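> the sequence isn't on hand, but the structure is:
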């Protein structure tokens, strides 16, 4: 294939940003008059804001043109656009990143085509948007502002150009990818995956998020861990109230420093790195109260050094903890990898690793294909995944249950 042709700007220019009720209504009329699926994308401000709200919505439809929608000032006036999008197929790239913030605004997706997920089902090595556009359309997509602070106003022209390019050829990409899926007889696989993405329940909130603090492994004393926990809790409250990313309210490094030093008053706290700066001095009372709460805890209320385990332990510990499970993993995982390699798929897309681990850890009796298929269905495996793996998994489980030679 020749070198991809540069795609540096939308063919019809960058559309103006629309942000008023009248402009939303006009856009909705144009979208309704168009035909075919609608290319959809959003820009958020991850790393800058606490919320994951959409700060810009990009749309394109054949016969309608492209739209850059600013939903911030008049989110309640988006109803006409929401109605226009309720029904046609949406084309998204990595839908799980965009659907939550669109749902928050009231948008409803009835029919999804996820070009990134389709690329995974086709075994494409790189499935980011630029790589997929190069692979299927031989175009070089100009990128560069994905990690920008999209809550900034006014949005710079080069950012808007980047945002418009995200939907510029998404319809053409969808058509090319759909044709490739049909050639590989994977259209139904994709339909099942897209339906799963649309209807799966939201992930449960993560527990003990404070244990993700960078370099927390350097702390050994439970009292220090309590300080980390209380400072992280206070930081979350401040971040949510101010709608600022937690790391911009107080960096992890400062939390670890405070936990190590365990200051006894604000004067000692503000002598520590970071806490002596003007911004942190204004919050010193908040941080010191959090530290004092941790220092006042009874021993029985201190957090354990290690979080309570959820689900099976790491597989490298199974030989000691659960030898039958280790034998099952030894048989089942290679069997799944063999199928994935044969089909040209990432193993994690053939069957979710967490599902494989749980099955190997708990075992299944009887280990016949019907029982395996039912178990996988109960754990949200799609029909195409079960048809490819149930028989091989049953055979692997039976092999693992054979008596071990001495």
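Yep, that arrived. None of the values given here were measured: they were computed from a predicted structure.
> now stretch 37-47: average pLDDT?
Averaging pLDDT along stretch 37-47 gives 96.
> which residues touch that stretch?
Counting by CB atoms under 8 Å, 6 or more residues apart in numbering, the neighbours of stretch 37-47 from elsewhere in the structure are 31, 52-61, 85, 88-93, 97-98, 101-102, 111, 113, 146-151, 163, 166-167, 170-171, 174, 245, 247-248. C-betas here are computed from N, CA, C, even on glycine.
> the same query, at a cut-off of 6 Å, please.
Under the contact criterion CB atoms under 6 Å, 6 or more residues apart in numbering, stretch 37-47 has outside partners 52, 54-61, 88-92, 98, 101, 149-151, 163, 166-167, 170-171, 245.
> show the buried residues in those residues.
54-61, 88, 90-92, 98, 101, 149-151, 163, 166-167, 170-171, 245 (16 or more other CB atoms under 10 Å).
> in helices, which of those residues appear?
The helices in this structure, assigned by DSSP state H, contain 98, 101, 163, 166, 167, 170, 171 from the buried ones among the contacts of stretch 37-47.
> ok, which pair from the residues you listed is furthest apart?
Of all pairs drawn from those, the one with the largest separation by CB to CB is 101 and 171; the distance is 21.6 Å.
> about what we covered before: mind checking which of the contacts of stretch 37-47 are in strands?
Secondary structure defined by DSSP state E assigns 56, 57, 58, 59, 60, 61, 90, 91, 92 of the contacts of stretch 37-47 to strands.
> the last one against residue 98, yeah?
Okay, so that is residue 92. Yes - distance between residue 92 and residue 98: 5.4 Å, which falls inside the contact criterion (CB atoms under 6 Å).
> looking at residue 306 now. What's its pLDDT?
Residue-level confidence at residue 306 comes out at 87, pLDDT.
> do residue 146 as well
Looking at residue 146, its pLDDT is 81.
> what about it, how many neighbours?
By other CB atoms under 10 Å, the residues close to residue 146 number 14.
> element containing it?
Under the criterion DSSP states H and E, no helix or strand holds residue 146.
> same thing with residue 238?
Element membership of residue 238, judged by DSSP H and E, is helix 222-242.
> next secondary structure after that helix?
Counting by DSSP H and E, the element after helix 222-242 in chain order, helix or strand, is helix 246-249.
> name the helices or strands packed onto that next one?
Here helix 246-249 is seen to pack against helix 222-242 when contacts are counted using 3 or more CB pairs under 6 Å, 6 or more residues apart in numbering; DSSP states H and E.
> average pLDDT across the helix it packs on?
98.
> go through that helix and flag the buried ones.
222, 224-232, 234-235, 238-239.
> residue boundaries of the strands in the stretch 301-406 of the chain?
Listed in chain order, the strands found in the stretch 301-406 of the chain under DSSP state E, counting those that start in this stretch amount to none.
> if you could redo that for the stretch 51-200 of the chain, that was the one I meant.
Under the criterion DSSP E, counting those that start in this stretch, strands of the stretch 51-200 of the chain are mapped to 56-62, 65-69, 90-92, 112-114, 139-141.
> figure out which of the ones you listed is closest to residue 271.
That would be, of these and by CB to CB, strand 56-62, which comes in at 42.9 Å.
> neighbouring contacts of that closest one?
Residues lying outside strand 56-62 but in contact with it, judged by CB under 6 Å, 6+ apart, are 31, 34-36, 38-43, 66-69, 71, 150, 163, 166-167.
> before we move on, the earlier item: so which of the ones in strands among the contacts of stretch 37-47 comes closest to residue 359?
Residue 359 has its nearest neighbour among those in residue 92, at 30.7 Å by CB to CB.
> so who does the closest one touch?
With contacts defined as CB under 6 Å, 6+ apart, residue 92 is in contact with 40, 98, 114.
> got it, and residue 382?
Applying CB under 6 Å, 6+ apart, the residues near residue 382 are 192, 196.
> any idea how far residue 94 is from residue 159?
Distance of residue 159 to residue 94, given as CB to CB, to the nearest Å: 19 Å.
> which one's more surrounded, those two?
Here residue 159 and residue 94 are set side by side on neighbour count (other CB under 10 Å), and the busier one is residue 159, at 19 against 16.
> and the residue nearest the centre of the chain, how far from residue 345?
Computing the C-alpha centroid of the chain and ranking residues by CA atoms, centre = their mean puts residue 97 first, at 5.3 Å. Computed with CB to CB, the distance linking residue 97 and residue 345 is 22 Å.
> please apply the same query to residue 284.
Between residue 284 and residue 345 the computed distance is 54 Å (CB to CB).
> looking at those two, which one has more neighbours?
In terms of neighbours (other CB under 10 Å), residue 345 is the more surrounded of residue 284 and residue 345; the figures are 20 against 17.
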